[in-house]
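>>> Return a 3D structure for these sequence lines:
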Amino acid sequence: MSADPEWRTVRRVRTHEQVLIQIQERILNGQLRIGDRLPSERELVQVLGVSRNSVREALRVLEAMGIIDAHTGSGRDAGSTVAGRSTDALSNLLRLHMALAQFRLGDLVDVRIELERLAVRQASAEADPAELTQLRSLTEAMTRPGLDHERFHELDSEFHIRLARASHNALAADLMQALRDAVKNEMLAAFARVHDWDAAVASLTAEHLAILTAVEAGQGDEAETLVARHIRAFYDSVGGESPSSD
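Numbering: from 1, shown residues only. So this is what the prediction gives:
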């Protein structure tokens, strides 16, 4: 037999996966957009030549992924529509992927630093007064006495997510929220390793305030330096892997 390119085994695709592929292709090529209604189950069965069970299974998977919103019953609101941006779905997928992939902490911190630097640089140029007021309110909330790990984590996450939103970069904001949601357990575990919790809260809050002050002043370079130092110092203080430096 001649030396033809290597033969590859054919992957058997289950019927509901074929339905998934067709719907996803229509979303990717722009034929289906946010808010568009999918054909009914009966119509999909007819045009795709598959069973109703296969269609239902595909729709259940798409709904679990946050790609469609499914409404049961009858009337104008029944059926499935393409969902809007869902950070919950992105967070869930990222959380599962991170749990399975077991990325090195240093890799995670490096990616977070680059995302945070992008966010504060753009926020320094783009943030509006209302967004800056919300951020300052969060730093004030961090100064309240007696904050436990869970509450401080909520405020800390909200601060960094709102900073990303203030960049007016929608993808950066969604990625930031997904990343923070995905590492929640790791962050709480890191907080639990802090020996002097009150001192740590005071230090982290002061660092947040310094970052915000730089953003308010439009000092993008300074904000980048401060946020990178803030993240590295925290992970170093709780005994994490030391990420690469600039």
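>>> What residues of the helix or strand of the chain with the lowest mean pLDDT count as buried?
Ranking every helix and strand in the chain by mean pLDDT, DSSP states H and E puts helix 87-101 at the bottom, with a mean of 73. The neighbour-count check on helix 87-101 (16 or more other C-beta atoms under 10 Å) flags 87, 89-92, 94-95 as buried. C-beta: built from backbone N, CA, C; applies to glycine.
>>> In CSV, list the residues you listed along with distance to residue 118.
Converted to CSV, the buried residues of helix 87-101 look like this (distance: C-beta to C-beta, whole Å):
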residue, distance to residue 118
87, 17
89, 22
90, 17
91, 19
92, 24
94, 17
95, 22
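>>> What segments of this protein are helices?
15-28, 41-48, 52-64, 87-101, 105-126, 129-141, 149-166, 170-182, 184-192, 197-216, 220-237 (DSSP state H).
>>> Of all the ones you listed, which one is nearest residue 78?
helix 41-48 (10.3 Å; C-beta to C-beta).
>>> Who are the packing partners of the closest one?
helix 15-28, helix 52-64 (3 or more C-beta pairs under 8 Å, 6 or more residues apart in numbering; DSSP states H and E).
>>> Determine the number of other residues adjacent to residue 72.
Counted with other C-beta atoms under 10 Å, residues neighbouring residue 72 total 8.
>>> how about the helices and strands packed on helix 41-48 in CSV, adding mean pLDDT and distance to residue 109?
Listed next are the helices and strands packed on helix 41-48 as CSV, based on pLDDT from 0 to 100; distance: least, C-beta to C-beta, whole Å:
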stretch, mean pLDDT, distance to residue 109
helix 15-28, 88, 32
helix 52-64, 89, 30
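>>> and the residue positioned nearest the centre of the chain, what does it touch?
Centroid-nearest residue in the chain: residue 178, 1.7 Å away (criterion: C-alpha atoms, centre = their mean). By C-beta atoms under 8 Å, 6 or more residues apart in numbering, the contact set of residue 178 is 87, 90-91, 93-94.
>>> list the buried ones in stretch 142-160?
142, 147, 149, 152-153, 155-160.
>>> so which of the helices of the chain gets nearest residue 35?
helix 15-28 (12.0 Å).
>>> Report the angle between the closest one and helix 41-48.
With axes from the mean of the first three to the mean of the last three C-alpha atoms, to 10 degrees applied, the angle from helix 15-28 to helix 41-48 works out at 90 degrees.
>>> residues in contact with helix 15-28?
Under C-beta under 8 Å, 6+ apart, the answer for helix 15-28 is 13, 32-33, 38, 44, 48, 50-51, 53-55, 57-58, 61-62, 67, 82.
>>> domain assignment for the protein?
15-82, 87-237 (automatic domain parsing).
>>> Alpha carbons only: can I get stretch 209-217 in CSV?
In CSV, the C-alpha atoms belonging to stretch 209-217 read as follows (Å, rounded to 0.1, in the frame of the first residue of the first chain):
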residue,chain,number,x,y,z
LEU,A,209,-7.8,52.6,47.7
ALA,A,210,-4.4,53.4,46.2
ILE,A,211,-5.4,51.7,42.9
LEU,A,212,-8.7,53.5,42.8
THR,A,213,-7.0,56.9,43.5
ALA,A,214,-4.7,56.3,40.5
VAL,A,215,-7.6,55.4,38.3
GLU,A,216,-9.5,58.5,39.4
ALA,A,217,-6.5,60.6,38.6
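>>> That one: which residues count as buried?
209-212, 214-216.
>>> Which one of those is nearest to residue 169?
Once C-beta to C-beta is applied, the member of the buried residues of stretch 209-217 that ends up nearest residue 169 is residue 215, at 13.9 Å.
>>> show me the contacts for the closest one.
Counting by C-beta under 8 Å, 6+ apart, residue 215 has contacts 120, 123-124, 127, 132, 135, 163, 166, 223.
>>> TSV for these, including neighbour count and pLDDT?
Compiled in TSV, the contacts of residue 215 are given as follows (neighbours: other C-beta atoms under 10 Å; pLDDT from 0 to 100):
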residue	neighbour count	pLDDT
120	28	98
123	29	98
124	21	98
127	23	97
132	16	98
135	25	98
163	27	97
166	24	98
223	27	98
